[in-house]
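[1] Sequence and predicted structure below; questions after.
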Amino acid sequence: MQISRCGIHGFHEVLGIDADEIRFYWAIETDVKGETQSAYQVLLSTDSESLESQDPDKSKLAWDSGRVEGNAQRNILCKLPDGFKSTCSYFWRVCVWDSSSNVHQSSIQHFFTGYPRSRLLPPYSMNQTYMPHSSLIFRTWFENEHDRWKAVWIGDGGDKPIYLRKSFPLSRRPTRAILFASGLGHFNMTVNSRAASSHRLDPGWTNYHRRVQFTSYDVTEHLNVGDNALGAHVGNGFYAGDKGGDRFFWPTYEDNTYVRYGNELCLFCELHLFYEDGTHDTIISDPTWSVRKSATTLANIYASETHDRRLYPHGWDSPAFDDNSWAPAKPLTGPRGHLFYQTQPPVVLHETFEPVKTYSPKPGVACFDLGQNASTMVQIIAEGAAGSEIIVRYSETVNEEGLVLMPDPLFKEFETGVFSRIYLAGDGKPETWEPDFSFTSARYIQVEGVSLNPDEGLPVIHSAVGRHISSAARRLGTMKTDKEDVNSLLNALFWTFNSNLFSYHTDCPQIEKFGWLEVTHLLAPATQYIRDMESLYTKILDDILDAQEPNGLVPTMAPEIRYMCGPLHDTITWGCALCFLPDILLRYYGSTHVIAKAYPAAVRYMEYMYTKERKGGLIEHGLGDWGRDIAFGNHQANIETAIYYRCLQCVEMMARELGKMEEAERFNQWAARIYNVYNQHLLVTNDPSRPYAYYTSLDNFPERDRTTIAQAMALQYELVPDEHKKEVMAAFVDDASNGKIRAGEIGLRYLWNTLADARRPDLVLQMARQEEHPSYMRFLRRGETTLLEFWQDECRSKCHDMLGTIYEWFYSAVLGLKPIENAYRTFQIDPAYEAEFDYVEGTVDCPFGLISVKFQRDGSKVNLNIEVPFGTSAIVKLPQGVLEAGVTREGELMEKFSGEQIQLDHGRYEIQI
């Protein structure tokens, strides 16, 4: 047995943990047939050597779970009586016992703590001595110095990008050097001219009035004996958004509702140095740092920067740089929000897209088709005379001439106002430019003021590439079939999903960039097949808690950068993410770490929604099935009320997890009341024109309709009384049988899942392949490589993921893989035997390990190759009328089966049906 992939729930990186309690997890690999974990023990120490022994000295342990009988591998709670020490290295390892009582140990794991009991930086004056008359007042502050932040926010007092630097000598090398830092809006950190990490756009976007994230880097290998230097480049982000006069900045578009979080770009930094003799030094941000304006004079996060290469101070972050002309940094008040460690995966660069086509549609313009639309940071290399001005534009669409185009006439400002301006230094060699503080979604790069031909007297453009930027969340799986159009759709879905994950889940990385909450929960069942979302969902939940209003309302976006009104502000199908995310984290990742903090807020949200009930319990306000017929509210009573019902069930689950049984029963009864009211007003059982019961909307009351979405919502949320389930399913299939999509983004997921339950893959594929909209394949036939915002040929946004819920259907109903028990402890494999596919292959690296499924059909025979990870159990469904299924494990014939299903423990199997 080999213990692999150990970690801490809710934390992608672990070099600044500031929680009072943490939860461990691990995965196990073994080839031993039928092997199990019979018990486990987790040991925690501040001394790594104490964990090397098979029998460690108990006096050196910070925490010991003791031997715990059972097969638990996730959600293992660790809470120290006096809390974790501040700025301290902790080491842990897990021991497991197999079924024969043999002991197996993991490698030693490490995490470093921040300041679990300190959330604010002191004002600069708090660290000075000019207030001796207040010494008694602040005595406790200084008595607990080891538990508090020491750095202060610094900057130049302005709102344009800045460079900050600090040089310092080291007489000896530290054994460990951990750097805490945050710069608002975003910052890049260097140590001796080396990037402190691969991160981009640190820290994550939050409501800076409530929460500010700091990041942490291990820079031990960056430091030298002798002179060293810390450098920071700070830009605006959403913290102090800068339109730049002639640029597009969505929060100020139309009605100027954007209010800056702050007007002074700022940085704080603490470098913790640990030495072999046990001593610990700290270098902090304070007025001894130096500051100057950046060569990047505009940092507009909507892919609009201005950068003057003539102003760039080469070597500015190196130890030998002469900064005598720089100004001393100013101590600043900084943001109001409390400091928290950045729990979610950082934003990083991934694939590089080289142009598939390069062309010049007119003199002075060079265009590059990257072949794939995706979230990107562009990089260009050009050469020309000093002061030459180059304009870089980006687009998801081009016109007939091949020039950038915004197809939506309402948003032409995006076409003209999103660009970067670069002035060359003209030093006689190629110059590289890439943005520091902005990104977009683009397939096309248009560079103006250059030539592809060095003989035309213009600066020469040597190259232009797109570098995909998104979350560093672990990639989990891929899927392919024998149908090329389906593979193209899966590819478009993959890139659309990946292009909308940053420090939050947006629905569009290009024109909006906002944290709309409906995509978070609607796409979670699909996204969990692609990326490990646990720590990102943990952070998004914090954003939601920060956005919740005093009356309990949860707005439609978090962070809430732009105040919306009416249903664009108050819609339960968006706000329900507060209640759904704890359930999602439990279901897909087996973790309960967010429940304690989410529960009180979820209760307040339900109490707010209670004030919005109509007709005894219906919710009839909101956006309905947003996106149907472009953006037309409908089915509010069906959709919003069903979501309300599910929210109550999630809150009941949280109450039970917290041991609040009386409160759980309250929400159980509350949900039962909504169930009855839902059926009282929406279930039709006495329509003489229909041979069965069905659900109607109240859109044209008292006129009755019978739509797929009305049936799907009731079926998926188990709101249909048992005696009417077959009839309601018949009504659903009746309305869906014409093979046309009649759903907006909310109803779409429930449409696909109900078609899966009805075993009608033919209808799903017919809908997807329609010649006219709504149709996925129409997008692809027109050359799109990602999903559009609405069912239109030309949209303002062509990298919108909100219509992408069909990806869940491909995984769960075609490959047939979906979790049954929490965290895939038990999962189902039920391929679409009755579908047109003769070959389907896919993988998911689930919380317990790799699941692999390969389906092949040859005439009347089906071959399944399946890999089941340790600690899980697979239920393989067999097709109706199967005569015999032979199961081979690791090349050894086990037995022959007949019946409805086969249950398998870990191992690699071949099943011949």
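    It's in.
[2] What does residue 94 show for phi and psi?
    Per-residue torsions, residue 94: phi -110, psi 140 (degrees, to the nearest 10).
[3] And for residue 202?
    Main-chain dihedrals, residue 202, degrees, to the nearest 10: phi -70, psi 150.
[4] close enough to count as contact, residue 491 and residue 784?
    No. Checked against C-beta atoms under 8 Å, the pair residue 491 and residue 784 is beyond contact range at 11.1 Å. Any C-beta I mention is one placed from the backbone N, CA and C, and that applies to glycine too.
[5] And these two? Which one has more around it.
    Looking at residue 491 and residue 784 with other C-beta atoms under 10 Å, you find the greater number of neighbours at residue 784, namely 22 against 16.
[6] While we're on the more buried one, how confident is the model there?
    Per-residue confidence (pLDDT) for residue 784: 97.
[7] Leaving out chain neighbours, which residue sits closest to it?
    residue 798 (6.2 Å; C-beta to C-beta, 6 or more residues apart in numbering).
[8] ok, the one you found - how many residues close by?
    Neighbour count for residue 798, taken as other C-beta under 10 Å: 25.
[9] Repeat that for residue 551.
    Neighbour tally, residue 551, other C-beta under 10 Å: 10.
[10] Shouldn't it be within a strand?
    No. Remark: residue 551 does not belong to a strand; assigned using DSSP: H, G, I helix; E, B strand; the rest coil, it is coil.
[11] Could you report the separation of it from residue 609?
    Distance, residue 551 to residue 609, using C-beta to C-beta, to the nearest Å: 11 Å.
[12] Next: residue 875.
    37 Å.
[13] again, but for residue 741
    30 Å.
[14] got it, and residue 366?
    Where residue 609 is concerned, residue 366 sits at a distance of 54 Å (C-beta to C-beta).
[15] With residue 11 instead?
    Separation of residue 11 from residue 609 (C-beta to C-beta): 32 Å.
[16] residue contacts, the residue nearest to residue 440 when sequence neighbours are not counted?
    Closest residue to residue 440 apart from its sequence neighbours, by C-beta to C-beta, 6+ apart: residue 303 at 3.6 Å. Neighbour list for residue 303: 378, 394, 418, 419, 420, 435, 438, 439, 440, 442 [criterion: C-beta atoms under 8 Å, 6 or more residues apart in numbering].
[17] Give me the pLDDT for residue 303.
    Per-residue pLDDT puts residue 303 at 93.
[18] and what of residue 142?
    pLDDT, residue 142: 69.
[19] thought residue 159 was touching residue 236?
    Yes. When contacts are counted by C-beta under 8 Å, residue 159 is listed as touching residue 236 (7.0 Å).
[20] When the two are compared, which one has more neighbours?
    The residue with more neighbours, out of residue 159 and residue 236, is residue 236; 27 against 19, by other C-beta under 10 Å.
[21] where's residue 190, which helix or strand?
    Residue 190 is part of strand 186-191 when elements are defined by DSSP states H and E.
[22] Only alpha carbons, please: show stretch 769-776 as PDB.
    Taking C-alpha atoms only, stretch 769-776 is exported to PDB below (Å, rounded to 0.1, in the frame of the first residue of the first chain):
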ATOM      1  CA  ARG A 769     -27.300  18.900 -33.500                       C
ATOM      2  CA  GLN A 770     -30.100  21.100 -34.600                       C
ATOM      3  CA  GLU A 771     -29.500  23.100 -37.800                       C
ATOM      4  CA  GLU A 772     -31.000  26.300 -36.200                       C
ATOM      5  CA  HIS A 773     -30.700  27.700 -32.800                       C
ATOM      6  CA  PRO A 774     -31.000  26.600 -30.000                       C
ATOM      7  CA  SER A 775     -28.100  24.300 -31.000                       C
ATOM      8  CA  TYR A 776     -24.600  23.500 -29.800                       C
END
